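Peer 1: model this:
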Amino acid sequence: MSDHEQRILVVDDDPLILKLLRTTLETAGYSVYAAQDGEEGLAAVRNEHPDLVITDIMMPKVDGFELVRRLRDDPIVGAIPLVILSAKGEETDLVKGLELGADDYVTKPFRPKELVARINSIFRRQGERIGKVAPPDHGPFAGEGLQQLARCTFETFVVGVGNKSAYEAAVTVADNPGYRFNPLFLYGGPGLGKTHLMSSVANIVYSRDQNMKVRYLTSEVFSQQILEAYRSRNVDQLRKRYTGLDILIIDDIQFLAISPSLQHVAADILSRMYDNNKQIIISSDRRPEELSTLTEDITTSLVIGLVVEVDRPDASLRSRILKSKVDHYGWPLDQSTVEYLARNLDADIRTL
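Peer 2: Below is the predicted model:
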């Protein structure tokens with residue numbers, strides 16, 4: 001194992017450049033492996049998940065610009081740091097590479113010490129980002145942009161035929177987390193109140209006992225943290241952090257953007273929490289068995305609790321939801337207008 005423990009993929013069709021890159025980086029303590037064209041480089045990134053990629057711009061088949069673009073568009077490996085190499089040293093190449101999402105730009109012939117210094121700097125910045133995304137121990141909505149969820153309560157959730165079962169299950173979980181309906185899996189289309197219900201559980205549990213470790217996060221953030229932990233060799237630390245929670249809430253699990261080879265980390269976290277009577281709440285747009293991107297280990301762990309559909313609101317519920325908003329905001333709408341909208345806008349709650 002190298003001193004740094006980070007693995008770097010170098011992609012170049014020039015064997016002399018590949019040899020120089022390998023010698024430079026291995027001397028600096030990095031593990032290095034190589035690909036000789038863009039297609040080979042794409043396959044290597046997706047199969048091996050390196051900690052950083054260095055790619056030449058001018059290559060046959062898939063050039064460096066296209067390699068950067070495809071990787072940045074890939075939800076699984078798109079956050080891997082990228083450095084582009086160019087023999088021309090033109091400002092247009094630099095600008096284009098950075099616009100496509102490269103992290104740095106190096107001109108050939110490069111000076112080994114300068115290259116190593118730049119690689120070290122990228123890894124240092126990445127380490128700082130990992131610290132920022134690591135979840136704190138307390139507060140359900142400590143992540144950026146989640147403050148509005150702290151206002152979601154059961155009192156402001158309007159109950160109707162389509163969401164009554166989900167509402168009652170969420171209340172039961174809030175009263176006795178970890179023992180009834182675990183995991184609780186809510187599914188249904190967007191804008192039907194799943195996030196409101198999950199946030200209500202987090203808010204009431206945390207308000208009753210602020211020593212409870214409750215964490216809400218989206219599946220995108222969960223994916224990012226697993227990927228970052230894998231790249232920084234901190235998977236055990238991430239596993240301990242989450243299995244130490246009392247309640248874990250993951251919104252929109254259908255967007256869990258990690259490869260099957262890494263989903264075992266998520267499955268292990270869920271399994272350990274379940275075994276220790278720690279509450280798990282998950283939402284999705286489909287039933288667990290319909291989520292083809294998830295491994296069998298994860299879907300199996302999701303169906304052992306309670307799976308509840310949150311259905312679209314009927315006209316009666318739409319009317320009461322609109323009425324609650326009218327009363328709350330003081331909108332100048334009379335009841336006949338509210339009922340007209342409720343009858344004619346057959347939409348989800350968010351659109352309504």
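Peer 1: mind checking which helix or strand the nearest residue to residue 28 once chain neighbours are set aside is in?
Peer 2: Closest residue in space to residue 28, ignoring its immediate chain neighbours: residue 116 at 4.5 Å, by Cβ to Cβ, 6 or more residues apart in numbering. Glycine gets a C-beta too; all of them are placed from N, C-alpha and C. Counting by DSSP states H and E, the secondary-structure element that holds residue 116 is helix 112-133.
Peer 1: measure the residue nearest to residue 28 to residue 68 for me?
Peer 2: 21 Å (Cβ to Cβ, to the nearest Å).
Peer 1: picking up where we left off before, which pLDDT value goes with the residue nearest to residue 28?
Peer 2: We have a pLDDT of 90 for residue 116.
Peer 1: Report the separation between it and residue 30.
Peer 2: From residue 116 over to residue 30 the distance is 9 Å, taken as Cβ to Cβ.
Peer 1: Between the two, which has more neighbouring residues?
Peer 2: The residue with more neighbours, out of residue 116 and residue 30 and counting by other Cβ atoms under 10 Å, is residue 30; that gives 22 against 17.
Peer 1: doesn't residue 32 make contact with the residue nearest to residue 28?
Peer 2: No: counting by Cβ atoms under 8 Å, no contact exists between residue 116 and residue 32, whose distance comes to 11.9 Å.
Peer 1: which SS state does the residue nearest in space to the middle of the chain fall under?
Peer 2: Ranked by distance to the mean C-alpha position of the chain (Cα atoms, centre = their mean), the top residue is residue 220 at 1.6 Å. When the structure is split into helix, strand and coil by DSSP: H, G, I helix; E, B strand; the rest coil, residue 220 lands in helix.
Peer 1: Pull the number of nearby residues for the residue lying closest to it once chain neighbours are set aside.
Peer 2: With sequence-adjacent residues excluded and distances taken as Cβ to Cβ, 6+ apart, residue 220 is closest to residue 255, at 5.7 Å. A count of neighbours around residue 255, defined by other Cβ under 10 Å, yields 16.
Peer 1: Over to residue 298?
Peer 2: 22.
Peer 1: distance of it from residue 173?
Peer 2: Plainly put, residue 298 is 20 Å away from residue 173 if you go by Cβ to Cβ.
Peer 1: Likewise for residue 52?
Peer 2: Taking Cβ to Cβ as the measure, residue 52 and residue 173 are separated by 42 Å.
Peer 1: do the same with residue 79
Peer 2: From residue 79 over to residue 173 (counting by Cβ to Cβ), the distance is 33 Å.
Peer 1: Next: residue 124.
Peer 2: When distances are taken as Cβ to Cβ, residue 124 and residue 173 turn out to be 42 Å apart.
Peer 1: who's more crowded, those two?
Peer 2: Counted by other Cβ under 10 Å, residue 124 and residue 173 do not tie: residue 173 has more neighbours, with 26 against 9.
Peer 1: what number of residues lie near residue 22?
Peer 2: For residue 22, the tally of surrounding residues (other Cβ under 10 Å) stands at 16.
Peer 1: Ignore what I typed, I meant residue 182.
Peer 2: Neighbour tally, residue 182, other Cβ under 10 Å: 20.
Peer 1: residues contacting it?
Peer 2: Contacts here follow Cβ atoms under 8 Å, 6 or more residues apart in numbering; on that basis residue 182 touches 173, 274, 277, 279-280, 305.
Peer 1: So it lies in a strand, does it not?
Peer 2: No: remark: residue 182 does not belong to a strand; assigned using three-state DSSP, it is coil.
Peer 1: what's the pLDDT at it?
Peer 2: On pLDDT, residue 182 comes in at 94.
Peer 1: Spell out the secondary structure type for residue 97.
Peer 2: Using three-state DSSP as the criterion, the local structure at residue 97 reads helix.
Peer 1: Return the distance of it relative to residue 71.
Peer 2: In this view, residue 97 and residue 71 are 12 Å apart by Cβ to Cβ.
Peer 1: Make sure residue 37 is actually in contact with residue 64.
Peer 2: No: when contacts are counted by Cβ under 8 Å, residue 37 is not listed as touching residue 64 (10.5 Å).
Peer 1: Neighbour count: the two, which is higher?
Peer 2: The residue with more neighbours, out of residue 37 and residue 64, is residue 64; 27 against 17, by other Cβ under 10 Å.
Peer 1: Would you map out the domains in the chain?
Peer 2: Domain assignment of the chain by automatic domain parsing yields the ranges 7-133, 147-309, 315-344.
Peer 1: Of those domains, which is nearest residue 350?
Peer 2: Taking Cβ to Cβ as the criterion, residue 350 comes closest to domain 147-309 out of those, the separation being 2.9 Å.
Peer 1: All good on my end, thank you.
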